[in-house]
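Chemist: here are the coordinates; sequence isn't available:
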């Protein structure tokens, strides 16, 4: 069925039709191809609107999405939080409200605000406690703010019907959480299982290198970190891997053991 002045978005992996006023719908249509123009359009509309009109008609949604595409994470995140809170408080779709909370959590995390990411993820999980994508997002945020037990609880229930990529996500998050609990052996096993599903995945290689280093398997750790740098030299995982290699080289005894 065709829906006038609406946009289809993915919220927690399910298609949800988000109705928007015509100006906001036009703004949303620009986000992917011209996020700066979409951002300017949304800002101009918000200057004309009063009260919570921008939250109701899609203007704030457009602004937050444009900010996220532009990498303005800490500007996008509070808007997504506000959209989640309003959707939930007005009796709207709880799944959509959880989706906004998850978007806020991801934006806070990308902006280097792990505590805020956890707060947004907590709010989203309360709205959709059984949703697989929400549990995964909550686990990711929990790892980021050091809440290993919460992450492991999120990952304990089966992810029925999960594709290979999601299974790998679950395994690498489990590895990260296990490492935080002081269990590098099980963490290494989980990271290795993730790599069996998704070979040469830099996040899993980085994690396994950290686990192997903590187990004293320095040669193997070096191999994993060097592989990360080779695969994605300009990426954030490579930056972290290079830092770990530099720390290893700074200790002559450990450096010799790693050769």
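Modeler: Structure received. In this text the structure is predicted, and so the values were computed from the model without any measurement.

Chemist: which ones are touching residue 213?
Modeler: Applying Cβ atoms under 8 Å, 6 or more residues apart in numbering to residue 213 gives the contacts 221, 244, 248. (Each C-beta comes from the backbone N, C-alpha and C, glycine too.)

Chemist: Repeat that for residue 31.
Modeler: Contacts of residue 31 (Cβ under 8 Å, 6+ apart): 38, 62, 65-66, 69.

Chemist: From residue 66, how far off is residue 47?
Modeler: From residue 47 across to residue 66, the span is 15 Å (Cβ to Cβ, to the nearest Å).

Chemist: oh sorry, the question was meant for residue 131
Modeler: 26 Å.

Chemist: of those two, who's got more company?
Modeler: Between residue 131 and residue 66, counting by other Cβ atoms under 10 Å, residue 66 is the more crowded of the two (27 against 22).

Chemist: I'd guessed that one sits against residue 39; true?
Modeler: Yes. Using Cβ atoms under 8 Å, residue 66 is in contact with residue 39, at 3.9 Å.

Chemist: Mind telling me what element residue 44 is part of?
Modeler: Taking DSSP states H and E as the definition, one finds residue 44 inside helix 35-48.

Chemist: ok, and what's touching that helix?
Modeler: With Cβ under 8 Å, 6+ apart as the test, helix 35-48 has contacts from 23-24, 26-28, 30-31, 54, 59-60, 62-63, 65-67, 69-70.

Chemist: What's the local residue count around residue 85?
Modeler: Neighbours around residue 85, by other Cβ under 10 Å: 16.

Chemist: Which per-residue confidence value corresponds to it?
Modeler: pLDDT for residue 85: 95.

Chemist: In the chain, where is pLDDT below threshold?
Modeler: 1-23 (pLDDT under 70).

Chemist: all strands of it, in order?
Modeler: Assigned by DSSP state E, the strands in the chain fall at 6-11, 14-19.

Chemist: Residue 200: what's it in contact with?
Modeler: 227, 231 are the contacts of residue 200 under Cβ under 8 Å, 6+ apart.

Chemist: swap the cut-off to 10 Å and go again
Modeler: 227-228, 230-232 (Cβ atoms under 10 Å, 6 or more residues apart in numbering).

Chemist: Just the buried residues of those.
Modeler: Among the contacts of residue 200, those buried by neighbour count (16 or more other Cβ atoms under 10 Å) are 227-228, 232.

Chemist: one step back: if I look at residue 66 and residue 39, which residues touch both of them?
Modeler: Contacts common to residue 66 and residue 39, judged by Cβ under 10 Å, 6+ apart, are 27, 30-31, 72, 75.

Chemist: just curious, which of these is nearest to residue 217?
Modeler: Closest to residue 217 out of the shared contacts of residue 66 and residue 39 is residue 72 (40.8 Å), distances taken as Cβ to Cβ.

Chemist: Wait, the closest one touches residue 78, no?
Modeler: No. Judged on Cβ atoms under 10 Å, residue 72 makes no contact with residue 78 at a distance of 11.3 Å.

Chemist: Between these two, which contacts overlap?
Modeler: 64, 107.

Chemist: Please name the nearest non-neighbouring residue to residue 215.
Modeler: Once flanking residues are discounted, residue 215 sits nearest to residue 184: 5.1 Å by Cβ to Cβ, 6 or more residues apart in numbering.

Chemist: How about the contacts made by the one you found?
Modeler: Going by Cβ under 10 Å, 6+ apart, residue 184 touches 175, 178, 191, 208, 210-217.

Chemist: now with 8 Å?
Modeler: 178, 210-212, 214-215.
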